[in-house]
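Enquirer: give me a 3D structure for the following:
(3 chains)
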Amino acid sequence: MTTKVLALPSKVPAAEKLSIKKLLRTMWRQRWLYFLMTPTLIYFVVFKYGPLWNAQIAFKDFKPLLGVWGSPWVGFEHFGTFINSFYFTELMANTIIFSVAKLVLGLPLAVIVAIALHETWLLRFRTLVQTAIYLPHFLSWVIMFGVMLVILSPGNGLLNAIIERFGGEPIAFLTSPKYFRWVVILSDIWKETGWGTILYLAALLAISPDLYEAAAVDGATPLQRIWYISLPGILPVIVLVTLLRMGHILEAGFNQIFVLYSIPVYSVGDIIDTWVYRQGVLNFQFSLATAVGFFKGVIGLVLITISNRVAKRLAQQSIY
Amino acid sequence: MLYTKTRDARIYQVGIAIFLTVILLIIVIPFWQVIVTAFVPLDIYTREGIPFFLPPTKWTLEAFKQLMGHSQFARALWNSVVITVLGVTISMTLTVPLAYGLSTRNLPGRKLIMTLVLFTYLFSPGLIPVYLLITGMKLTNNYLAVILPPAVSVYNTLVMMSFFEGLPEDLKEAARLDGANELQVLWNVVLPLSKPILLTIGLFYAVYFWNEFFTPLLYLNRNDLLPLPVLLRNILISSSLNEYVEYNAFSTSPIESLKAAGVLITMLPMFLIYPWIQRYFTKGTLVGGVKE
Amino acid sequence: MKSWKMIFVVFVLVLSQILAACGAPATPTEVAPPEAPEAPAEPTKAPEPTTPPEPVDITMWLQATVTEAGPPPDDWIAYDIIREELGINLEYVIIPPAGDGEAKLNAAAAANDLPDFFQVTSTNRGGERDNLVNYYELGLVAPVDDMFAMMPERTKNHYNNQNLLDLLTFDGAVYGLPAPPSIPKREGFVIRQDWLDALDLEAPTTPEELLAVAKAFTEQDPDGNGKNDTYGIGAFIEGPGVGRRFNFVFGAYGVLDVWNFVDASPDKFELNVRDPQYYEAMQVMVALNEAGVVDPDWPTLSKDEFRARWKQGRFGIMWEDFAALSNKSNYEPFDTNFPDGSWTPLPALIGPGGEAYYGLDDAQFNVFAVSQRAVDEGKMEAIARLLEWIATDGYYLLGFGEEGVNFNLDEKGFINIDGIDEAQAYSAPERQPFTQMRNQLVFYNTLAEISARYPNYTTEGGREMTPIDTYLSFFQSQNWVPAFAKLLIQPPANAADFERFYNEGIIQFVLGQKELTPESWAEFLAGLDGQGAKEYEAAAQQVLSDAGLLK
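Expert: Model prediction:
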């Protein structure tokens, strides 16, 4: 089982400096593989790098009539607009808090639920639970807001009815800065955890049953079984997902926040993407949004590089 | 599975079952609200809003009838099926070779490709640059405009790659020694062993294409091309916007019910496809009985 | 392994079937629409055919009148008439509402791919002009001055308001077609009369009395159901600050909306928050919220949720649109729940300074534009021909349907549906797709239109409901602050930050998240200055005096 999850460019070991002839021979041996990959690579050039070429408007004052190439350069002006904006620090903080909290709380829960599903003997029950917990993923946030209003409203919400029955004061969950972050984080976990288990379940199923049989013969306890077989078996996926999420650390869930937030909770709810939306929509700023996209990419690059290093060390230890 | 059914094991199983039941309840109780919303009759809704318990005799299919009776419904449903099937096919055809290539450690140029792929994951160009490309290619009013830009998800590719890497190397080696080329190794050895992940990633793509409303809304102008999510979204957000409430297009159902019913209709394929997928999820996967 | 391949084969088969069935994905074959097409008679009053040699392709992007109803079917009779009699192949695209539609339009603008003729949309009230300015500055829209002579009837009826034309005139040329405004001054302050009667109260006339009545509505069970489930006031945030649903509070202090039009003069034009009276209005808002007499969900509700709540009898005082309040389709649920319930319109509350303004009359109107590309391709004349037809021979067809089938016309020119099949009536849900252009391009607020749109009817309790006479006329007779000059004020460069600071500051005071004291208020104003409020005010004053609107 391999530990290396992402191969960011690293130095080629001296031992691999082999003759060009040998390299060509390896390449010829793999010709079918190159052939297979060619359509996808062409696809990447056209549909991923094509837009990135157009994304130079981040450094330009984009005018539709002049086109991407003809528009005048303005350098880092749009980046400056964003970084010097009044709420920049707060936007960054909110974005990172949401993004990290969803990862740190949501991912372990998904793994635990996946392991529980994998462990249970009750196959029908398992099918039922599996199917049910995926469902919330399909609710759009607009619908979610309706449901949350029914449950959380301080006027007649179900949860507040319970709080009041036990003598508490009703809480304005959706409009109180004290609770809003939890509302966002927990509703996201509620909606997405079940969907997240699919991946870990698939990973668990890819573990050879022989390992479990051997463990059973050795008389391993369930916890030992999970700790020494299941978890190491899905560790590469966990590490990979974590790393990829780090790369998108500044994506905190625009659709969710946009639907749930309101003016009273801007201070704890406004994120980079909602700001870009308001600023961009009002002022017709095509370039600004693209510039912020670049900014997010740079931060993602830094974080994914660091966490890849960390993971390489830690994951190795945990596997062996 | 061959677990010995000792007393401890039973207690453990009860614990697991309780845990899963709790999770199930946490999920189902709020979800119940969505279901009730979809079936609540207009008179109860206007009197008391959405109740948590709806008397069994009061349930009504009115919202579903209204949605399915919409003049565009059948057309939109069909369009959604076409977009999803085409999308998943193109996506998988492009994703699998890349994931497999990247999982081949000794492939010359692998690191370069990986870097280039990862770069596109980190730097997303945003709406306008993609739009300029698509309109420049004259793909407006073409399903390819909806399908191609998101056809390969780097996230899905790397997850699939990680699974391919986990496959035992000796099976592939054995096939290669038998004279199989990489294409045959992929087709005869790797893919049959990777059903769970292929289904998972296929499902991810399918759900994406099935639910996507924003790209169709941008690139498809002709009404007969629009998929279901666009139709449902227009219904969904219209109620907050109609200034001139002169006549309603839906008179016998509360708008909230229409929203909820729309969501339940979109989920339906999930219910239909799921048992089929489930079969491949529960079967042991590494059929070859490979020892590591 | 075998089954795996089987699945693949089946999958490929399904796929090939789909592809075969629909041809190339870009050009799906015509699938018969589920509903049976009607067999419309030839229009009786066909104009003289002026068919030009070759049909012109015109793409037209408009918002819908009834979004959820969908577009007209492909075999709509109007398409045939437009093609045969006007020589135009019309591609009519309904763009989605709100932000979605704006994103679609802006993306098309970025690609210099705007449709020939389109409705300028904005999520901001009055933001249409701002967007048109943007398109103008980017050179994407064409001047329309030449079109007026090409469509005399339409110009006479639709584009006769010089004030609106001036608003869309840049550098001496008109760049947008202003649709006749939706009925002005159409919103107002209303109270549940049956609740007042049940508690034996008088309608409030001052902010203090408002608080007292709202308190009674909240605490004394005005609906007599024995449950503590009512609030005094209902609202949601619509517009800057707390929004205009609290106009009845701010009007009493002469500080409606953002800009101070009440005290505007050539050398003074400021934000309302600078007026000391704004602070007093804020104190009232704080008192209302502290007393718990406003439905506590108000800061997060949307319009439809707000409307669902008054129909459920959640609150007894509100600011509402007259049609939403009284037109049959929207009033019916309320009527079913509360056959004895009724809303009485109230005049403006009188503040301590004797001021009593009702609302801000800021002239909302739709804006339509012709893209420069269309003009370059020589399509302007065809667009004008289409618009003129819609205002003349096409008027009834696009506004109501076919005479005798979907509506009747009496000798005075009024619309009725006597003897018309219910499902065929122009007001029936089934007919909505056929009149989707009516609020965009057809109607211009004639008396016949208004009485067709807002007819009188009888409630469950046997009361005669007269939307126009009871509500609209009352609202319009109140003391509104004329403020259509507001549209000239462009948002500041740091709009997202400025508006957030402004809105958040006000809401935090109102909800008690920040204590409202003269010191904290001064601090808020200083913070606004830090966001460039002074420069914003100076720029606004400049624009308005340049336009000669500050007297």
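Enquirer: who in the stretch 351-500 of chain C is up against chain B?
Expert: C:Ser427, C:Ala428, C:Pro429, C:Gln432, C:Pro433, C:Asn439, C:Arg453, C:Tyr454 (Cβ under 8 Å from any Cβ of the partner chain). All C-beta spots, glycine's among them, are computed from the backbone N, C-alpha and C.
Enquirer: the stretch 201-350 of chain C against chain B: which residues are in contact?
Expert: Within the stretch 201-350 of chain C, the positions near chain B by Cβ under 8 Å from any Cβ are C:302-304, C:308, C:311-312, C:321, C:323-324, C:327, C:329-330, C:333-334, C:336-337.
Enquirer: can you do 10 Å?
Expert: C:229, C:236, C:301-309, C:311-314, C:321, C:323-338 (Cβ under 10 Å from any Cβ of the partner chain).
Enquirer: looking at the residues you listed, which are in strands?
Expert: Assigned to strands by DSSP state E, the following of these qualify: C:Asp321.
Enquirer: just the buried members of the residues of the stretch 201-350 of chain C next to chain B?
Expert: C:236, C:301-309, C:311-314, C:321, C:323-335, C:337-338 (16 or more other Cβ atoms under 10 Å in any protein chain shown).
Enquirer: near chain A too, which of the residues of the stretch 201-350 of chain C next to chain B?
Expert: Restricting those to those near chain A - Cβ under 10 Å from any Cβ - leaves C:Asp229, C:Phe236, C:Leu301, C:Ser302, C:Asp304, C:Glu305, C:Arg309, C:Gln312, C:Arg314.
Enquirer: just the element for the nearest residue to A:Leu152 once chain neighbours are set aside, please.
Expert: Nearest residue to A:Leu152 in three dimensions, chain neighbours excluded: A:Phe173, at 4.2 Å (Cβ to Cβ, 6 or more residues apart in numbering or on different chains). Using DSSP states H and E, A:Phe173 is not contained in any helix or strand.
Enquirer: ok, A:Phe173 - contacts?
Expert: Counting by Cβ atoms under 10 Å, 6 or more residues apart in numbering or on different chains, A:Phe173 touches A:148-149, A:151-154, A:157, A:159-160, A:179-180, A:182-183, A:186, A:265, C:300.
Enquirer: whichever of these end up buried, select them in ChimeraX.
Expert: In ChimeraX, this line selects whichever of those come out buried by 16+ other Cβ under 10 Å:
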select /A:148,149,151,152,153,154,157,159,160,179,180,183,186,265 /C:300
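Enquirer: from the contacts of A:Phe173, which is closest to B:Met270?
Expert: A:Met148 (22.2 Å; Cβ to Cβ).
Enquirer: just the helices in the stretch 451-551 of chain C please.
Expert: Using DSSP state H, counting those that start in this stretch, the helices of the stretch 451-551 of chain C run over residues C:473-476, C:495-510, C:518-530, C:533-546.
Enquirer: what mean pLDDT does the strand or helix carrying B:Thr266 get?
Expert: Using DSSP H and E, B:Thr266 falls within helix B:255-282. Helix B:255-282 shows a mean pLDDT of 79.
Enquirer: so how many other residues sit close to B:Ala174?
Expert: 14 (other Cβ atoms under 10 Å in any protein chain shown).
Enquirer: what about it, which SS state?
Expert: helix (DSSP: H, G, I helix; E, B strand; the rest coil).
Enquirer: tell me the contacts of it?
Expert: B:Pro168, B:Ala180, B:Val185, B:Val189, B:Gly288.
Enquirer: from the residues you listed, keep the buried residues only.
Expert: By 16+ other Cβ under 10 Å, the contacts of B:Ala174 give B:Pro168, B:Ala180, B:Val185, B:Val189 as buried.
Enquirer: mind listing the helices for the stretch 151-292 of chain B?
Expert: Counting by DSSP H, counting those that start in this stretch, the helices of the stretch 151-292 of chain B are B:154-166, B:169-177, B:182-184, B:191-193, B:195-211, B:214-219, B:228-238, B:255-282.
Enquirer: please disregard the earlier target; I meant the stretch 1-150 of chain A.
Expert: Counting by DSSP H, counting those that start in this stretch, the helices of the stretch 1-150 of chain A are A:20-29, A:31-43, A:50-54, A:67-70, A:77-83, A:88-119, A:123-134, A:141-152.
Enquirer: can you list those in a markdown table and add mean pLDDT?
Expert: Shown next, in a markdown table, are those (pLDDT from 0 to 100):
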| stretch | mean pLDDT |
| --- | --- |
| helix A:20-29 | 84 |
| helix A:31-43 | 93 |
| helix A:50-54 | 95 |
| helix A:67-70 | 91 |
| helix A:77-83 | 92 |
| helix A:88-119 | 96 |
| helix A:123-134 | 87 |
| helix A:141-152 | 84 |
